[in-house]
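Participant: show me how the following folds:
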Amino acid sequence: MLKRVLVALSGTPFTPIAVRQGVELAQKHGASLTGVTVVDIERLKDVGPVPLGGASVAKNLAEHRVAVTQERVEKEIAGFEKACRDASVPYVVDRERGDAFELLLGLWRYHDLTIIGLRGLFEYGVVKNPDDYVIKLIRHGVRPIIAVSSEDREVNRVLVAYDGSPHSAMPMKRFAQLHLWPDATVRLVCFGFEDEVATPLLIDATAYLRAHGYEPEAQ
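Facilitator: From the prediction side, this is the model:
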């Protein structure tokens with residue numbers, strides 16, 4: 001069951017797609033959206049080494065970066081709110097300050113799904129954040145997660161990799177239970193085992209997915 005979706009309003013080319021995906025899923029499942037912005041003031045004020053006599057220039061630059069970021073944050077929020085209102089989707093806006101990674105970890109605990117851009121988390125065209133944010137979030141348990149590209153694509157095919165371990169069973173079960181794309185073609189694969197081991201695993205996983213309304217292609 002999908003009831004609360006967290007959408008990162010990051011101010012990048014990926015953000016409109018993340019909002020659109022969130023709105024579409026919220027409409028389909030009767031869910032609400034939380035649009036979150038994160039401003040890291042300390043990072044914005046860090047303009048690098050300041051030469052002797054350059055303190056005033058550095059201060060002005062830091063203030064300019066903060067002002068530009070705040071302006072772009074408000075623009076992202078306005079776009080998110082309009083998209084939700086136009087689609088009659090309930091929503092809340094969460095303005096946060098601090099470390100983006102830690103804040104997302106905290107917010108994820110109370111949402112069923114997190115939607116973010118593939119790169120450029122909470123940059124707003126001012127600061128550069130690491131490109132491995134998505135990997136770090138997954139490693140720390142933020143799942144299920146949808147990392148969207150800058151191009152809107154309909155989800156028609158889903159690949160489920162399963163090896164019988166709890167780590168592979170968990171995402172398979174969440175995918176089945178959330179039923180995000182009920183009309184998608186599902187391909188179920190098992191890697192690294194001989195047929196005598198893989199076949200029983202695929203049979204059991206296929207039965208599980210069928211119980212949730214899918215008809216997977218097992219391989």
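Participant: contacts, neighbours, all on C-alpha from now
Facilitator: OK.
Participant: how near is Gly141 to Pro171?
Facilitator: Separation of Gly141 from Pro171 (Cα to Cα, to the nearest Å): 11 Å.
Participant: how far away is the closest residue to Leu159 other than its chain neighbours from Tyr110?
Facilitator: Excluding its sequence neighbours, the residue lying closest to Leu159 (Cα to Cα, 6 or more residues apart in numbering) is Arg187, at 4.9 Å. For Arg187, the distance to Tyr110 (Cα to Cα) stands at 30 Å.
Participant: next: Glu81.
Facilitator: Glu81 is 21 Å from Tyr110, by Cα to Cα.
Participant: after whichever strand or helix holds the residue nearest to Leu159 comes which helix or strand?
Facilitator: Assigned by DSSP states H and E, Arg187 falls within strand 185-189. Later in the chain than strand 185-189, the nearest helix or strand by DSSP H and E is helix 195-211.
Participant: buried residues in that following helix?
Facilitator: Ala198, Leu201, Leu202, Ala205, Thr206, Tyr208, Leu209 (16 or more other Cα atoms under 10 Å).
Participant: go ahead and confirm the last one touches Glu217.
Facilitator: Going back to what we said before, that points to Leu209. No. Taking contacts as Cα atoms under 8 Å, Leu209 lies outside contact range of Glu217: 10.5 Å.
Participant: any residues touching stretch 170-185, and which ones?
Facilitator: Residues outside stretch 170-185 that contact it (Cα atoms under 8 Å, 6 or more residues apart in numbering) are 1-2, 25, 143-144, 155-158, 160-162, 209, 212-217.
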